[in-house]
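Chemist: heads up, no residue letters with this:
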C-alpha cells in the first residue's frame, strides 16, 4: 500500500469528511452498545432525544457547548500555527481561579470597585491567567526547542494541584463545611440567563462572538496571514520575512486566553465557584473539536455542538438503558481518529499493491 | 543543616527507601523503554497514557476472571500491542499527525477501559480486588541488595532485566540497526533494502506492549485493584524521561530510578508533616520532568526522523 498525493483539492470532499467520520464513528460505537446489551437503535434515539428532544435538553446542550466552543477555538488557533497546545484543561482551571480571585466574595465582600469595571477585570484576569500559563511552554518551544506537547500536558496536572492548593488555602470557602470549593463569586458579577428556566448564560454569546472574531482575524488580518503561513511552513515564513517567533507567542497568548475564558464562563455562567472537578475534560475535548472543525473557527461552533450533544445525550440515555455514559468519551475519541483519517484521504489517495 | 543532612543520609541508607524507589520506578522503566523503542524508529507515541490505562485494566480483568498473574501480564502486553498497531496504522501507514493520533489513542484507550469497566461492574461501591504478585522474600539473604530486592515483585526484576536486553537488541543486532536507521534516515534505510513501514510498525507495536506492561504493574503488583485515575500522568512523564535519557536504555533506567527516588523522598517529607501544602509535593514530579526537558533540550540528540512521516517516493 502506498499514498499518492491528490493533484487537486475537492472542496466537497473536505466538507463531507467530518460527516463521513461521524457516521463511521457511530457505526463503530454501535458495536459497543450492542456488547453492553442494549438495543442500538433505541440507544442512539435516546441519546439524540437527550440532547435535542426537549427545550430543557437543548438548553443543557447549549450550556455544555459554551466552554467547548472556547476550548475548541483555543486548540484551533494554536494548531493553525502548529503550536500543539494540549494544556487547555489547565488554562481553563486557571482562568476560573483568576475570575474568582478578582470577583469572589473574599471575607464576605468583593473589591470596592464599580460593578462594570469589576466585571471587565474579572474577565480580563481569567483570560490573562490562561494566556500566561501557556506563555511558558510556548517560550520554551521557541528558545530551547522543548516540545510543547509534553510541557503543556504536564502543566495540566500542576494547574489542577495549584487550584486544589488554593481551595485548601487562601481561596477556601469558609461556609462550605470542608467541602473543597472556592469562595463564591459576587452574584452581581454572574452572567445573565439567556433562556428562562434554563442554565444557558450569556457566556454562549461571548463564545459565539469570539468564534466569529477569530474567523475575521484569521481571514482578514496580517496576523492571521502570518499565523497560517507559520503553520504551513515556518521556514518559508521566516525566509519571507515574517516574524515567526512573535507570531507563535501571540498565538499562544490568544489560545491560552480563549481557554482561560472558558473557565471564566464556567464560573460566572454556571457554577459561581471553583471546584477541582468543574471540567470533565473540556480542554481535551477542545482538541477533538478543533480537529473535527478542520481548525476553522466557525466549524468549531458546529463541532462543539456535536460533542456537547453526545455528552449531554449520553448522560440522559444512560439513565434509561444500561449503557454507561462513558460511551460519550468513546464516541468523541473515535470521532477524532476517524476525522484524522478522513482529512488525510482528502489530500492523499491510497494505492494498493506494490509500487 | 546538620539535622537535614543526617535525615537525608538516614533515608538514603534505609532499605525501605530503596524498596519504595524501585516500586515507583518500575512502571516508569517499562513505559520509558516503550517510548524509547517507538521514538528510536521515528514515531512519537503519545498513546502511552491511555495504553497504560488499558494495560492496567485488561491485565487486572484477566486475573480477576481467574487467569493466573503471568497470563494477566501477557494480556496487558497484547492489548498494548493492539493499540500500538492502531497507532502504527494511523501514523506509519496513513501518515497522519503523530501528535494528534497519539492523543486520540490515549483518549480512546482511556474511555474504552472506563466503558468496559462499567459494563463489567455496573454497581460496585468498592473496587474489586485480586491477589497481586507477592514480594520475592527468598531474595532477602543476598548481600547488600537483598533487603531491597526482597520488597520487589518479579515484574520489577523483569523491567530491570529488559534494559540490557533492549540495549543489546538496539545496538548489537541487525534488527536494532534497522530500527535505528528508520528513525534517523528512512530514505537511506529504504535504499539498503529495509522495509521502513514494516520496521516502524513493529517498533510501535513492541513499544506499546511495554507500555501495556507498565500499566499492568500498577494493578497486578503495586496495587490489587483498578481505579480510573491510576495512571495520573505517568505516561507523559515517561515521554519526558526519554528526552532526559537521550534515547538510551541505560540512561532511561538511571532517569527512571533518579526520578522515582525524588518521588519517594517527597512522599517521606510529606508524611513527616512538611511545612508546605501537600499539593506542592505532588507537583514536584511534573515540575521535575519539565526541568529535565529544559536541561536536556540543548544537548538532546533527537532521532533525526522523529515525527517525520515517511511516504515512499516523496521528498
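Modeler: Received the coordinates, thanks. Bear in mind that the values here come from a model prediction, so they are computed numbers and not experimental data.
Chemist: so who does residue 305 touch?
Modeler: Looking at chain A here, since you left the chain open. A:61, A:65 (CB atoms under 8 Å, 6 or more residues apart in numbering or on different chains). Bear in mind the C-beta positions are built from the backbone N, C-alpha and C, glycine included.
Chemist: sorry, should have said chain B
Modeler: Listed by CB under 8 Å, 6+ apart, the contact set of residue B:305 reads B:42, B:182-186.
Chemist: same question for residue B:215.
Modeler: Residue B:215 makes contact with B:27, B:51-57, B:59, B:76, B:80, B:231, according to CB under 8 Å, 6+ apart.
Chemist: and those residues, which is the shakiest by pLDDT?
Modeler: In terms of pLDDT, residue B:231 ranks lowest among the contacts of residue B:215, with 93.
Chemist: ok, that residue - how many residues close by?
Modeler: 27 (other CB atoms under 10 Å in any protein chain shown).
Chemist: also residue A:52?
Modeler: Using other CB under 10 Å, residue A:52 is surrounded by 14 other residues.
Chemist: what's around residue 300, how many residues?
Modeler: Picking chain A for this. 31.
Chemist: should've been chain B
Modeler: Using other CB under 10 Å, residue B:300 is surrounded by 18 other residues.
Chemist: rewinding a little: could you export the contacts of residue B:215 as CSV, including secondary structure?
Modeler: Converted to CSV, the contacts of residue B:215 look like this (DSSP: H, G, I helix; E, B strand; the rest coil):
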residue, secondary structure
B:27, helix
B:51, helix
B:52, helix
B:53, helix
B:54, helix
B:55, helix
B:56, helix
B:57, helix
B:59, helix
B:76, helix
B:80, helix
B:231, coil
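Chemist: quick one: the helices in chain A?
Modeler: For chain A, applying DSSP state H gives helices covering A:11-35, A:40-52, A:55-80, A:88-103, A:115-144, A:148-168, A:203-220, A:222-232, A:234-239, A:244-265, A:282-292, A:297-318, A:327-347.
Chemist: what mean pLDDT does the third one have?
Modeler: Mean pLDDT, computed over helix A:55-80, is 96.
Chemist: what of the last one?
Modeler: Along helix A:327-347, the predicted local confidence has a mean pLDDT of 93.
Chemist: ok, that helix near chain B or not?
Modeler: Yes - under the criterion of CB under 8 Å from any CB of the partner chain, chain B is reached by helix A:327-347 at A:327, A:329-330, A:332-334, A:336-337, A:340-341, A:343-344.
Chemist: can you flag the buried ones in the residues you listed?
Modeler: When those are checked for burial by 16 or more other CB atoms under 10 Å in any protein chain shown, the buried set is A:327, A:329-330, A:332-334, A:336-337, A:340-341, A:343-344.
Chemist: got the residues you listed as TSV, with distance to residue A:187 columns?
Modeler: Converted to TSV, these look like this (distance: CB to CB, whole Å):
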residue	distance to residue A:187
A:327	37
A:329	34
A:330	38
A:332	34
A:333	38
A:334	41
A:336	38
A:337	43
A:340	44
A:341	48
A:343	45
A:344	49
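Chemist: just those now: which is nearest residue A:157?
Modeler: Using CB to CB, residue A:329 is the member of these that lies nearest residue A:157, at 19.1 Å.
Chemist: how much space separates residue B:207 from residue B:45?
Modeler: The gap separating residue B:207 from residue B:45 is 6 Å, by CB to CB, to the nearest Å.
Chemist: give me the common contacts of those two.
Modeler: B:34-35, B:38, B:84.
Chemist: what about the stretch 1-150 of chain A, any weak spots by pLDDT?
Modeler: Within the stretch 1-150 of chain A, no stretch has pLDDT under 70.
Chemist: returning to what we had before: near chain A too, which of the shared contacts of residue B:207 and residue B:45?
Modeler: Of the shared contacts of residue B:207 and residue B:45, not one also sits near chain A (CB under 8 Å from any CB).
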